[in-house]
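Asker: Mind folding the following:
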Amino acid sequence: QEARKVGLNVFADIGMNITYLETTRFHYRAFTGQFANDHPEYACPESKSFLDYRHPPVQDYAVAIVRELMTKYDVDGVHLDFARFAHNGAFDEASLLGVGERIHKDRRAAEQQWGHPVAIGVRIPSYMYHTWEQYTGDYPEFLSALTAWARNGWIDHVMVCSMLLARLPELSLERY
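Answerer: As a prediction, the model looks like this:
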C-alpha cells in the first residue's frame, strides 16, 4: 500500500531453481527450505544444487510457491527468475510449458481475487558459452518455451540474463 501511494508497483521476485545444497559461498543456503533436503531424488543428477523440473512434484512445488505469493500478497506481479543459477539439465520444454501454463491460470485467479492485473515477468538464461561452472551452455528449451509463453499470453515481460558486458551482443534476446 505504501509503494502504491507513491506510484510504485510491487513485484515478488522468485528464483525458480536453486537449492544451494552444494555450496557454502552463499548465505542463502539457510533459506532453501526443506523440499530439497527432504527430496534428494528430485535433484538434477549432475548437481544437487538444482531441482529437476522434469519431475512433476518439483513443478507442483514451484507452482505452489508462486501461487501463494500471488494470492496471499496483493502484488502487481511476479518475476520468475529461471536464469538465476540455471542448469540446462534441470528443464525440458514440457516442464517449462506446464509450469508456465499453471502459473498463468493461478495469475488469473489472483487477478479476480485482488481486482487488478497481475503481471508475469520471466528472466531466462542466455549463455552461449560457459562463463562459470554453473552456467552450462546453451538453453534451446527456453526458445520454444518463451515462444509458447508469449503466444499464449502467459507472460508480460521477458529479460535475458547476460552475465558479461563483453558478451552482451551475442547473449542478447536477439538469439531468441
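Asker: what bits of this protein have low per-residue confidence?
Answerer: Low-confidence segments of the chain, defined by pLDDT under 70: 18-33, 84-88, 126-139, 161-176.
Asker: And the strands in it?
Answerer: 11-15, 43-44, 47-51, 77-81, 119-125, 157-161 (DSSP state E).
Asker: With respect to residue 64, which of those lies nearest?
Answerer: strand 11-15 (11.6 Å; CB to CB). Yep, even glycine has a C-beta here, placed from its N, CA and C like the rest.
Asker: and the closest one, which strands flank it?
Answerer: strand 77-81 (parallel) (DSSP bridges).
Asker: So for the strand it pairs with, what gets flagged as buried?
Answerer: 77-81 (16 or more other CB atoms under 10 Å).
Asker: Save these as a markdown table, and put in distance to residue 63 too.
Answerer: Compiled in a markdown table, the buried residues of strand 77-81 are given as follows (distance: CB to CB, whole Å):
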| residue | distance to residue 63 |
| --- | --- |
| 77 | 16 |
| 78 | 11 |
| 79 | 15 |
| 80 | 11 |
| 81 | 15 |
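Asker: so how far is residue 10 from residue 145?
Answerer: 26 Å (CB to CB, to the nearest Å).
Asker: Please say which of the two ends up with more neighbours.
Answerer: With other CB atoms under 10 Å as the criterion, residue 145 and residue 10 differ in neighbour count, and residue 145 comes out ahead with 26 against 13.
Asker: if I pick the more buried one, what's in contact with it?
Answerer: 93, 96-97, 100 (CB atoms under 8 Å, 6 or more residues apart in numbering).
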